[in-house]
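J.: Take a look and give me a structure for this.
(2 chains)
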Amino acid sequence: MSSLLAVENLSVAYTGIYALRSVSLTVYDGEVVSVLGPNGAGKSTLLRTISGLVKPDAGASIGFRNRSLLGMAPYKIAQQGIAHVPEGRQVFPDLSVEENLEVAAARLESSKRKANINEVYELFGELATRTKQYAGSLSGGEQQMLAIGRALVSDCHLMMIDEPSMGLAPVIVMRIFKTLRDIVRSRGLTLLLVEQNARLSLQLSDRIYVLSQGAVTFEGTPEQVKEDEQMRDLYFAAKS
Amino acid sequence: MVELTRLVQNLVAGVSVGLVYGLMGLGVVFLWQSINRINFANISSAMLSVYLFFALHTFGGLPMGAAAVVAVLLVGVYGLGLRYFLYEPITKGGGARLEFVVATLMLTVFWLTAIISIFGGMPMRFPPLFGDATRLVRFFGIGVRAIYLYMIVAVVVLMIALRFLLRGTLIGKMLRATAQSRETAQLMGINVNVTTNIAFVMATTVVGIAGLLLGPIFHVNIQLGGGAIGIKGFAAAVMAGLTDPFGAILGGIVLGAMENFSTLFISSVYRDSISFAIIVIVLVARPKGIFNWSSKKE
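T.: Next up, the predicted model:
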């Protein structure tokens, strides 16, 4: 099986402090991969570096469908089929729901764009009733749906989501994760998920990476996570 | 006692000149929204378009219409120049807002001095691009100068066109997306390089058009670029709160009407002093803009 996304030896330093230390990570086609880790472990930096927003140190390689993404402009990386749903959702607040979706699908033909937008409306009924409403006036959960919708309308191949559960009520978080699972199943979408909520991520994922202080400290399947005593203590001790 | 006719005439004159100030302000807001920078160099666009038009017609022998179009196009190119020779180098070199503001201010002064060196500092007659601008057009017995009607029509048409561009077209929506978050726009696959170029060109172009509209009233005059007139366009934008391009138009109307009435009721000698005093008072009293009534958090 060839990899869809291959990250090797990725280091990122912000003014001398390492956010990532020679991280290697592989995502295969159709997989759901979660990156777990506490705040400040470098999870967001990992996604931002793949998107081209952050420049890695020399020696790294990032390949998507066997093509190097290094030095590519962020908008070009997005056009390769990588949709990054950023931390905090980052919907365009003064654009309407519909306009948010339109600009995310701008490079598609107009008939395809409309079809994709309608699919998102079917998936998230809340958005369908608020097409003309400014995105800034939506609730946090609706904004998260819109942020995921923006990724979906772009016809992406790999969706990278940064903390979809952040600041949302548990019932909304369940809903978002259920939708993500449905999307993955029905569309064969590949998902790279960054989360602090380990329980939900484990249920959804085929494989897990754990980042700690910028380095990969664990790599394996959800079953292996549960078997690993240290991991269990770290992520599930409080709840058992 | 001032008679009603004169009041209406002054209102029309004030509002139409104000609309054009607002158009200049719109250029300021456009760049503020797109790159989060105040660009004083954009003020020169009004003066540059008027002097280019004057030179192309008078010395270059171009017909007035062609000279006006070429002048406005060149001012649009000037916008690209501002991006690649000013904004990008300063940003790449680690310069922030302050450095950019000072650099654009210096560039405005450079254009002023350059224009004075080439054309002299005295105002020159503006070629009759809009025919006899002082001709009176009668409405219900009230005579209004033709140029004011041209101004109102031109600004209203431009507003409708701009609004359609920003709200009705995909490229306009991409421009607004870039203005709201450059980073997220890139993640959505929007080529922010292109949208930024469009923003710079549009910003200088509307100010260039505003210059030509003001020509018949203020003549070929260095005041259009950084003097009292150019600064007023800027003030219109700031008074409106820099958030809504169309708010700048309202700011301009308020400003234009205010200064016309100060001429009518006090004296034209104090017109500019009174205008700028009121601008300062407004800014101190409502730093976030006179039209910012919402308590919405940023």
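J.: Would you mark the buried spots in the lengthiest helix in chain A?
T.: Ranked by residue count, the top helix of chain A under DSSP state H comes out as helix A:170-187. The neighbour-count criterion (16 or more other CB atoms under 10 Å in any protein chain shown) identifies A:172-173, A:175-177, A:179-180, A:183-184 as the buried residues of helix A:170-187. All C-beta spots, glycine's among them, are computed from the backbone N, C-alpha and C.
J.: what phi and what psi does the backbone show at the residue nearest the centre of chain A?
T.: Taking CA atoms, centre = their mean as the criterion, residue A:161 is the residue nearest the geometric centre of chain A, at 1.7 Å. For residue A:161, the backbone dihedrals are phi -120, psi 130 (criterion: degrees, to the nearest 10).
J.: Spatially nearest residue to it, not counting backbone neighbours?
T.: Among residues not flanking residue A:161 along the chain, residue A:85 sits closest, at 4.4 Å (CB to CB, 6 or more residues apart in numbering or on different chains).
J.: Tell me which residues are up against the longest helix of chain A.
T.: A:32, A:123-124, A:140-141, A:144-145, A:148, A:152, A:161, A:164-165, A:168, A:189, A:191, A:193, A:197, A:200, A:203-204 (CB atoms under 8 Å, 6 or more residues apart in numbering or on different chains).
J.: Filter those down to the buried ones.
T.: A:32, A:123-124, A:141, A:144-145, A:148, A:152, A:161, A:164-165, A:168, A:189, A:191, A:193, A:197, A:200, A:204.
J.: what packs against the helix or strand hosting residue A:144?
T.: Using DSSP states H and E, residue A:144 sits within helix A:140-153. Counting contacts by 3 or more CB pairs under 8 Å, 6 or more residues apart in numbering or on different chains; DSSP states H and E, helix A:140-153 packs against strand A:82-85, helix A:97-104, helix A:110-123, helix A:125-128, strand A:158-162, helix A:170-187.
J.: want to try TSV for these, with mean pLDDT and distance to residue B:233 as columns?
T.: Formatted as TSV, these follow (pLDDT from 0 to 100; distance: least, CB to CB, whole Å):
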stretch	mean pLDDT	distance to residue B:233
strand A:82-85	96	39
helix A:97-104	97	29
helix A:110-123	95	37
helix A:125-128	94	40
strand A:158-162	96	42
helix A:170-187	91	47
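J.: Mind putting these into JSON lines with distance to residue A:210?
T.: Below are the helices and strands packed on helix A:140-153 laid out as JSON lines (distance: least, CB to CB, whole Å):
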{"stretch": "strand A:82-85", "distance to residue A:210": "21"}
{"stretch": "helix A:97-104", "distance to residue A:210": "31"}
{"stretch": "helix A:110-123", "distance to residue A:210": "30"}
{"stretch": "helix A:125-128", "distance to residue A:210": "33"}
{"stretch": "strand A:158-162", "distance to residue A:210": "16"}
{"stretch": "helix A:170-187", "distance to residue A:210": "19"}
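J.: residues from the stretch 51-200 of chain B in reach of chain A?
T.: Within reach of chain A by CB under 8 Å from any CB of the partner chain, the stretch 51-200 of chain B has these residues: B:170, B:173-174, B:176-177, B:180-181, B:183-193.
J.: Identify the farthest-apart pair in the buried residues of helix A:170-187.
T.: Within those, two members stand farthest from each other by CB to CB: A:172 and A:184, at 18.8 Å.
J.: got a list of what residue A:152 touches?
T.: Residue A:152 sits next to A:83, A:116, A:119-120, A:123, A:159, A:183 when contact means CB under 8 Å, 6+ apart.
J.: go with 10 Å
T.: Contact criterion CB atoms under 10 Å, 6 or more residues apart in numbering or on different chains gives A:83, A:85, A:101, A:104-105, A:116-117, A:119-120, A:123-124, A:159, A:179, A:183, A:187, A:189 as the residues in contact with residue A:152.
J.: gap between residue B:248 and chain A?
T.: Separation of residue B:248 from chain A (CB to the nearest CB, to the nearest Å): 16 Å.
J.: Cool, thanks, talk later.
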